[in-house]
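# what follows is a predicted protein model with its sequence.
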Amino acid sequence: MRLTLLALLAKEPAHGYELKQALEHTFGSAYPSPNIGQIYVTLGRLEKDGLIRAIDVEQSNRPNKKVYYLTVTGREALAEWADEPTEGPRIRDEFFMKLVLAPLTGIADRMALINRQRRHYLGVMRDLNDLIERTDPDNRVALLLIEGAMLHVQADLDWLQRCQEDLA
């Protein structure tokens, strides 16, 4: 959430509710809408860390609102984030640990684990298909995010099949 908010503030200064709206508009229902309290807590931490600064803006007949601006330090942190590669494949996969260790200890059957995990992934795939149906076809960002998730789930399903064939 920290770097996502920094990225939005790099575009333009905003207050917390505007940042929440920008996230919802950009990603649609493909990205869980953050709680406004979570946004303000994160903004407070970013300000404490010197990555953003807030200015009180007066409003007629309403309490002042805080508008947040990216600092030079915040822009540098954002540039570092953009330059770093994102986490790659999972070598320490929790399911694979269960798959290998559970039969050794007698606490679970390997095929039962694979079948349970497959049912879970198929449910996730159904949910993603439903999400695509509910997503605005003009929101390419949301559609790409959902498509990426679907490709990851499909790869996990393919990998489960491989595990079943090799470990059965």
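Yep, it's here.
# OK, contacts around the closest residue to residue 75 other than its chain neighbours?
In space, residue 75 comes closest to residue 10 once its chain neighbours are excluded; the distance is 6.5 Å by Cβ to Cβ, 6 or more residues apart in numbering. Quick note: C-beta positions are derived from backbone N, CA and C, even for glycine. Contact analysis of residue 10 by Cβ atoms under 8 Å, 6 or more residues apart in numbering lists 70, 74-75, 78.
# which element is residue 10 on?
For residue 10, the enclosing helix or strand under DSSP states H and E is helix 2-11.
# the helix or strand where residue 64 lies to helix 2-11, inter-axis angle?
Per DSSP H and E: residue 64 is located in strand 62-70. Angle of strand 62-70 versus helix 2-11, following axes from the mean of the first three to the mean of the last three Cα atoms, to 10 degrees, is 100 degrees.
# buried residues in strand 62-70, which are they?
The neighbour-count check on strand 62-70 (16 or more other Cβ atoms under 10 Å) flags 66-68, 70 as buried.
# and what of stretch 103-111?
In terms of neighbour count (16+ other Cβ under 10 Å), stretch 103-111 has its buried residues at 103, 110.
# burial count for the residue nearest to residue 47 when sequence neighbours are not counted?
In space, and not counting its chain neighbours, residue 47 is closest to residue 54: 5.7 Å by Cβ to Cβ, 6+ apart. Other residues near residue 54 come to 17 when the count uses other Cβ atoms under 10 Å.
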